[in-house]
Structures are given as C-alpha cells and as structure tokens.
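Undergrad: A predicted structure for the sequence below; I have some questions about it.
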Amino acid sequence: MEEFCAGLVSLLGSKAFANFVLATGVAVAIVSVLSAKSTAKRKQTADLMFGTRADAELTKGYKRLQALHNAPDANIRSFAKDDKRDSEEANDIRYVLNHWERICVGINQGIYCEKMLHEASYSTVMNLYAQANPFIAAIRESTGKHTFYQELESLAKRWEKKPLVKKTTPR
C-alpha cells in the first residue's frame with residue numbers, strides 16, 4: 001500500500017499530470033464557451049420569432065404581398081417603378097423584404113440559428129420569395145443594382161434545396 005501511495009504522490013506531482021490537468025481545464029472552458037454561445041444564439045432566435053408575431057406592419061405586409069400575388073389584375077413589378085415606389089403597397093412589400101433581409105444578415109453573422117428559423121419559417125420564406133421575386137427583379141432592373149435582397153434570395157435558394165421533411169409520429 002505504501003508503494004501505491006508513493007506512486008500516486010509521484011504521479012500527482014509530475015509535470016505530465018499538471019499538464020493533463022491544465023489541458024482538461026482548457027478543454028472544459030472551451031466547451032463551456034461554445035455551449036453558452038449556442039444557447040445564446042437559440043435564445044436570440046426564439047426572441048426574434050416571438051417578437052415578430054406582434055409586428056402588425058409585418059403581418060400587414062404579408063397580407064398585402066399575398067393579395068397582390070393573387071390579384072388577377074395586379075402587377076407587383078409596377079410597385080418598383082418610380083410612379084408607385086412611394087405607394088403604401090410598395091412600402092408594405094419593402095417592409096417585409098427588409099425584415100427578412102436583416103434576418104438573413106443575422107443568420108450569416110451567426111446571430112440567429114438558421115436551423116430553428118428553417119423549421120419555423122420555411123413556408124413563409126419560400127412563399128415570400130416566390131411572391132416577391134418579380135418585385136425584386138424590377139427593383140434590380142430599375143436601379144441597376146443587383147444586390148437588393150440578395151441575402152434573402154440566397155437563403156430561399158439554399159432552403160429550396162433542403163425542404164422540410166414530414167415527421168412521422170411514433171406509435
């Protein structure tokens with residue numbers, strides 16, 4: 001037993017053991033920081049999702065976009081032209097597009113969790129992009145700037161390749 005205790009004391013006092021303890025501590029700290037960052041990103045995303053539910057302007061914009069898309073006599077591209085650029089319809093459309101463009105930038109910067117947004121807002125983003133695409137194209141054509149809403153377009157195209165999968169309910 002004495003030999004065991006002496007060996008243990010020798011091991012605990014060794015430089016290799018001290019390095020092992022230090023490396024373990026650093027590894028635990030790194031995992032802790034990454035875990036906290038991931039949790040903060042998910043919390044930020046949840047706050048965003050719940051906060052937008054109360055955004056009356058955003059709801060109005062979605063409804064306006066859908067109504068214009070479904071109207072047989074409306075040309076959504078016309079709201080990107082100079083004579084209608086400041087109309088209420090154009091402002092509503094831009095509000096929704098700007099909202100999602102900012103979210104896309106937040107995803108790209110690691111502020112928001114794309115997986116959570118994909119699961120919660122897939123249909124919204126895909127419908128929004130499909131309905132607003134003629135408006136976006138008209139803005140790009142009239143301004144000559146092809147960067148308008150490029151982050152939203154990139155997100156929609158990325159999500160188009162990863163559609164939601166129907167979940168099966170276990171019995």
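TA: Arrived safely.

Undergrad: name the element R64 belongs to?
TA: helix 56-70 (DSSP states H and E).

Undergrad: Buried ones in the helix or strand following that helix, by neighbour count?
TA: Counting by DSSP H and E, the next helix or strand C-terminal to helix 56-70 is helix 88-108. Burial within helix 88-108, assessed by neighbour count using 16 or more other Cβ atoms under 10 Å, is assigned to 89-90, 92-97, 99-101, 103-104, 106-107. To be clear about C-beta, it is placed using only N, CA and C from the backbone, and glycine gets the same treatment.

Undergrad: which helices and strands does helix 88-108 pack with?
TA: helix 15-52, helix 56-70, helix 114-143, helix 150-160 (3 or more Cβ pairs under 8 Å, 6 or more residues apart in numbering; DSSP states H and E).

Undergrad: Okay, angle between the helix holding R64 and helix 88-108 too, please.
TA: Here helix 56-70 runs at 110 degrees with respect to helix 88-108, directions being taken by axes from the mean of the first three to the mean of the last three Cα atoms, to 10 degrees.

Undergrad: Send over helix 56-70 as CSV, restricted to the C-alpha atoms.
TA: Provided in CSV are the C-alpha atoms of helix 56-70 (Å, rounded to 0.1, in the frame of the first residue of the first chain):
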residue,chain,number,x,y,z
ALA,A,56,-48.6,44.5,-37.1
GLU,A,57,-46.6,46.1,-40.0
LEU,A,58,-45.1,42.7,-40.9
THR,A,59,-48.5,41.0,-40.8
LYS,A,60,-49.9,43.8,-43.0
GLY,A,61,-47.0,43.4,-45.4
TYR,A,62,-47.5,39.6,-45.7
LYS,A,63,-51.2,40.1,-46.4
ARG,A,64,-50.5,42.8,-48.9
LEU,A,65,-48.0,40.7,-50.8
GLN,A,66,-50.3,37.7,-50.9
ALA,A,67,-53.2,39.8,-52.1
LEU,A,68,-51.1,41.4,-54.9
HIS,A,69,-49.8,38.0,-55.8
ASN,A,70,-53.3,36.5,-56.1
